[in-house]
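*Asks:* Test case, fold it:
(2 chains)
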Amino acid sequence: MRTLALALRFARRDLRGGLTGLRIVLACLALGVAAITAVGTLRAGVKAGIAADGARILGGDVEVASQQGPLPEAALDWFAARGARLSQVTTLRAMAVAPDGERTLVELKAVDAAYPLFGELVLAPPGRLAPGEIALERVVADRLGLRAGDLVRIGEARLRLRGLILAEPDKVTSPALLGPRAMIAMADLPSTALIQPGSLVTFEYRLALPEGADRRAFAAALREAFPQNGWRIRTADAAAPAVNRFVDRAAFFLTLASLTALLVGGIGVATGVRSWLDQRARTIATLRCLGAASGVIFATYLLQVVALAALGIGIGLAAGFALTAAGAAALADALPVPPRLALYPEVLGLAALYGLLTALAFALWPLGRAMEIPGAALFRDAVRPARARPRGLLLAATAAAGAALAALVVGTAENRAFALAFVGGALVTLALFRLGALALMGLARRFRAARRPALRLGLANLHRPGAPTPLILVSLGIGLTTLAAIALIEGNLRRQIAEQLPEAAPSFYFIDIQSDQARDFDRIAAAQPGVTEVKRVPSLRARIVAVNGVPAEEVRTTPETAWALRGDRGLTYAATPPEGTRIVAGQWWPPDYRGEPLVSFDANLARGWGVGIGDTITVNVLGRDIPLRIANLRDIAWRGLGLNFVLVASPGLLEAAPHTHIATVRSDVAREGAVLRAISEAFPNVSGIRVRDALEQVAALLARIGTALSATASLTLAAGALVLAGAVAAGQRRRVRDAVVLKTVGATRAQIRRAFLVEFGLLGAMAGVIAAAAGTAAAWGVVRFIMGADWTFLPGTLAITVLACTALTLAFGYAGTALALRARPAPLLRNE
Amino acid sequence: MLILATDLHLKVRAEAGEINILRGVDLAVRGGEAVGIVGPSGSGKTSLLMLLAGLDRPTGGTLSVAGHDLTRMDEDALAVFRRRHVGIVFQAFHLVPTMTAIENVAVPLEFAGRADAFDRAEAALRSVGLGHRLTHYPGQLSGGEQQRVALARAFVAEPPLLLADEPTGNLDRATGAQVMDLLFGLRERFGTTLLLITHDPLLAARCQRQVRMEDGRIVADGAP
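*Replies:* Predicted structure coming up:
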């Protein structure tokens, strides 16, 4: 207690000396904490927005959706008996055709008179949508050159353009990959003739429950009353699980990028505390001589560091929150719902905890070191750093803070395995830079006898005692590693989309081809000039309801393979292996097989679910559960964008079910417009999706995600630059002094400049090379294992990274050198 | 004349206004002379030395050292001038802390592009009795040893002029005497012209000529 009181008193006095030296600690912590706060608040805000507006976003308190035909009358009666108000919405894809024949794919939404149950549909001009009318999103009207009053053809129906859709209450902004919105009245749906057996249609039934009714209980009762039907039942409490998942996942990656910034900040903390203590060396030694116990000294300086860390964290929290508001405004188009910005205690608490643990993990070591060194040794420390190690207890505390930090990262992660890999990767990268520094210093020592004085001087600066070589390498390197990794990941994705795909990918997908249209479709499509290939397969909608008898919700899977258990999957059947099939286990069935239903399954999903040959996957097709036994596993090359199905069943049972066909058509680029027009003219109910358009949407989405990631990663670089500036500044006094003495003994400015150039050039090059290697490894891991994509090495991207790295170090070093050379020698050389 | 200074002025702008540090110094020194400069603190001794070394510029007057007009040379030319003509010894040694003893001594020769820099540096260190300390850093040497390294560095290029600013000021008496014996010995061996600032009357007495400065002016000049 007495120690603490004494320490508090000393700490207060010591702080009078100002924060010089600790400012970098403040800035580093604030930066990292701000990034984490901003990401966390945005995530919480979006989720709160979804939760608060659940009923509006979902369109009802409860929504029942079916992709396998309308709900039976019994279900509607069941709803009515419980006092629920019903609104019916049907969505499907269709071609919107302008009077001049221009056409484009739209997401067609047919709504009844009760729509919307919650919120408000805003049209321009204002008013309601009447039968015989159509409302379009602006992009559709613009693309087709339509004006209010024009007749738009949808399927077989001709509808008058009512105006534009300005706001759709139940719209969650999701990447509109497959077409913008067109809205018609439910009464007009039959006249389009688009609803045919097996068409890709979603029938949604939104319910407004009577006051006080329990949504979840209602949903549970509904499931019980109508089991085994393949419906998707959602309540407003969890209105947009897919969006929530997307937000979680995006936030996870952004958080990791923020943590990298905090990690670099931690290095700034360590060096800042260290150089600050070096400045206090005389004071510490004096206190020592006056009889201060090492405990008091330690507590005195720990208190100051903690006080400062608290201040830095506070600034970070405030700045992070302010950043969120700015970020929300900038990302307004990309966010699924407007975020509800508020001070979320759990977010702020977590960010503060990250900041505090980082401060402790990185500050305890230098603090302990100051405590261990006898007063006399501290006087010489500037020349030759004492090799004193903190005592065991402090080592343990440092390790504990580090472990707690790692546990926090992994424990709060959306993807534990990846978080673990991140922590491991961070440690390895740190070690790599440390080793790189040792190697660089060793090499510099070996070449100390170099002939040219500037070269020798520069080399000597790298390996001399107390040289900041490791610090500069790490501070610069971690940020650049992150940037290199992100640049490579983005580059890989872009490449796959922009460069590889167009050759392998078809020009169009055509969906909803009726069985009786199939032969005509093949004939007409193949007859179009420019068409080089037509492939068609039967397609059914199926929902996986159980795996080996375990209900789908309870199946344990890896996070990367959970998606296939949610929502409807495409299912096809084939007598012989489709072209290009790569069977990795088991056998394909004989062409004339007519036994129990077998299935060929995606090998990657099988690994993730832990299933193999002989296991059973139960799918629900058109309300009927069908068990499929796995006969073989296939490797699927999704990248090819051909017709790939997770499930390929044996023919027989499924052939009899009503189904449609899906086709890919490959055509000359120049003739794509004409091909689309001819085919959709011949088959008004068939929708054509131009792959080029969809890919552009994907590319635009990727660019947005990439921008967000790069912005966060640049925070890491900013933190690195801070630490680097601190390291250069810490050496500045020495540099000025050296420069003056060298001038005194006859060195020209050019000679001194060359020496610094050698020093910083080598540092930058080394940091760049290691960052390139570590960044490549990280990017390879993410692309290969997290995204499951093929890896391409991009030397150009890396070269830019290395060059930028070297240039940055040189710029910093050079700025310092210029200042050092400007110093007037006389005042420095005078006797004190 | 090795040094010829006429009406040297040095004004420095400070917060309190302009300070006249040197107010018209005339000094002529022949090659081979040893001149002791004495006077109270703040009388301008060190400033004069800085001007002679080309480390500062006079604000008035003319100054020629070894035939070079120092007022007309740029910074780099002055550096080359020092390399060839001037050795300097400071009270605070001013060794580069991150270089070993031999590296510190070799630096002037290296800048001059001499291939035998290290051989000569080693010889110079041996001549000041530090042959066993070649690869030590300044921080590992005592004050007297550091000043001997500084002496070796000042003499290694055999400059015609040695400027010394209280070289024993940071040393104890016995060590100081050793260093001064070395300094005068080396000066004799190379025939170096010496300008020595000192507070020690005994040291000043070892020079043939004594210059007394007060308030930025030379007030006495002659045999001690």
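*Asks:* Could you measure from the residue nearest the centre of chain B over to A:G132?
*Replies:* Of all residues in chain B, the one closest to the mean position by CA atoms, centre = their mean is B:L163, 2.1 Å from it. Separation of B:L163 from A:G132 (CB to CB, to the nearest Å) stands at 104 Å. Quick note: C-beta positions are derived from backbone N, CA and C, even for glycine.
*Asks:* same check, this time on A:N685
*Replies:* According to CB to CB, A:N685 stands 20 Å off from A:G132.
*Asks:* Of the two, which one has the most company?
*Replies:* A:N685 (20 against 15; other CB atoms under 10 Å in any protein chain shown).
*Asks:* Point me to the helix or strand that includes the more buried one.
*Replies:* Following DSSP states H and E, there is no helix or strand that holds A:N685.
*Asks:* In a helix, A:T817, correct?
*Replies:* Yes. A:T817: assigned to a helix according to DSSP: H, G, I helix; E, B strand; the rest coil.
*Asks:* What does the pLDDT read for it?
*Replies:* In the predicted model, A:T817 carries a pLDDT score of 74.
*Asks:* ok, for it, nearest residue in space, not its chain neighbours?
*Replies:* The shortest distance from A:T817 to any non-neighbouring residue, by CB to CB, 6 or more residues apart in numbering or on different chains, is to A:F756 (4.2 Å).
*Asks:* show me what contacts B:A101?
*Replies:* When contacts are counted by CB atoms under 8 Å, 6 or more residues apart in numbering or on different chains, B:A101 touches B:95, B:125, B:130, B:133-138, B:141, B:149.
*Asks:* and the closest residue to it other than its chain neighbours, how many residues sit next to it?
*Replies:* Distances taken as CB to CB, 6+ apart put B:V149 closest to B:A101, at 4.9 Å, once the chain neighbours are dropped. B:V149 is flanked by 27 other residues according to other CB under 10 Å.
*Asks:* B:L95 is in contact with B:V149, correct?
*Replies:* Yes. Applying CB atoms under 8 Å, one finds B:V149 in contact with B:L95, separated by 5.9 Å.
*Asks:* got any residues that touch both of the two?
*Replies:* Common neighbours of B:V149 and B:L95, counting by CB under 8 Å, 6+ apart, are B:101, B:104, B:138.
*Asks:* Quick one, grab the pLDDT at B:T71.
*Replies:* Listed pLDDT for B:T71 reads 90.
*Asks:* tell me the secondary structure for it?
*Replies:* Secondary structure state of B:T71, per three-state DSSP, is helix.
*Asks:* residues contacting it?
*Replies:* Counted by CB under 8 Å, 6+ apart, B:T71 has contacts B:57-58, B:62-63.
*Asks:* One more: A:G149?
*Replies:* Contacts of A:G149 (CB under 8 Å, 6+ apart): A:160-161.
*Asks:* Point out where chain B drops to low pLDDT.
*Replies:* Chain B contains residues with pLDDT under 70 at B:15-16.
*Asks:* Closest residue of it to chain A?
*Replies:* Chain A sits closest to B:R83 of chain B, with a gap of 2.7 Å, by CB to the nearest CB.
*Asks:* Near that residue, how many residues? Count them for me, please.
*Replies:* Should you count by other CB under 10 Å, B:R83 turns out to have 20 residues around it.
*Asks:* ok but B:H136 is inside a strand, no?
*Replies:* No. Counting by three-state DSSP, B:H136 is located in no strand; its state is coil.
*Asks:* That one and A:A238, how far apart?
*Replies:* Counting by CB to CB, the gap from B:H136 to A:A238 is 73 Å.
*Asks:* cool, and A:A396?
*Replies:* Separation of A:A396 from A:A238 (CB to CB) stands at 44 Å.
*Asks:* Enumerate every residue touching A:I165.
*Replies:* Neighbours of A:I165 in contact, by CB under 8 Å, 6+ apart: A:121-123, A:135-138, A:181, A:183.
*Asks:* Now, those residues that are in helices?
*Replies:* The helices, defined by DSSP state H, take in A:R138 from the contacts of A:I165.
*Asks:* Now, of the contacts of A:I165, which are buried?
*Replies:* Neighbour-count burial (16 or more other CB atoms under 10 Å in any protein chain shown) applied to the contacts of A:I165 gives A:121, A:123, A:135-137, A:181, A:183.
*Asks:* with those in mind, which one is nearest to B:L203?
*Replies:* A:E137 (95.5 Å; CB to CB).
*Asks:* is it true that the closest one touches A:L164?
*Replies:* Yes. With contacts counted by CB under 8 Å, A:E137 reaches A:L164, the gap being 7.1 Å.
*Asks:* okay, now the domains of chain A?
*Replies:* Domain assignment of chain A by automatic domain parsing yields the ranges A:1-53+A:245-414, A:57-238, A:429-505+A:695-832, A:531-667.
*Asks:* chain center to the longest one, what's the gap?
*Replies:* In this case it means domain A:1-53+A:245-414. Its chain's C-alpha centre and that of domain A:1-53+A:245-414 lie 25 Å apart, by CA atoms, centre = their mean, to the nearest Å.
*Asks:* now swap in the third one and tell me
*Replies:* Taking CA atoms, centre = their mean, one finds domain A:429-505+A:695-832 lying 26 Å from the centre of the chain it belongs to.
*Asks:* What segments of chain B are strands?
*Replies:* B:3-14, B:17-29, B:34-38, B:60-65, B:68-69, B:86-89, B:161-165, B:193-197, B:209-214, B:217-222 (DSSP state E).
*Asks:* Mind putting those strands into CSV with distance to B:A174?
*Replies:* Below are the strands of chain B laid out as CSV (distance: least, CB to CB, whole Å):
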stretch, distance to B:A174
strand B:3-14, 33
strand B:17-29, 31
strand B:34-38, 21
strand B:60-65, 34
strand B:68-69, 39
strand B:86-89, 18
strand B:161-165, 19
strand B:193-197, 19
strand B:209-214, 24
strand B:217-222, 31
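*Asks:* got CSV for the ones you listed, with distance to chain A too?
*Replies:* What follows is those, written out as CSV (distance: least, CB to the nearest CB, whole Å):
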stretch, distance to chain A
strand B:3-14, 9
strand B:17-29, 10
strand B:34-38, 13
strand B:60-65, 14
strand B:68-69, 14
strand B:86-89, 6
strand B:161-165, 6
strand B:193-197, 9
strand B:209-214, 15
strand B:217-222, 20
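*Asks:* helices or strands next to whichever helix in chain B runs longest in the packing?
*Replies:* In chain B, assigned by DSSP H, the helix with the most residues is helix B:173-190. Counting by 3 or more CB pairs under 8 Å, 6 or more residues apart in numbering or on different chains; DSSP states H and E, the packing neighbours recorded for helix B:173-190 are helix B:143-155, strand B:161-165.
*Asks:* thinking again about what came up before, and of the contacts of B:T71, the nearest to B:L2?
*Replies:* Comparing those against B:L2 with CB to CB places B:L63 closest, at 12.1 Å.
*Asks:* contacting residues around that closest one?
*Replies:* When contacts are counted by CB under 8 Å, 6+ apart, B:L63 touches B:4-6, B:8, B:51-52, B:69-71.
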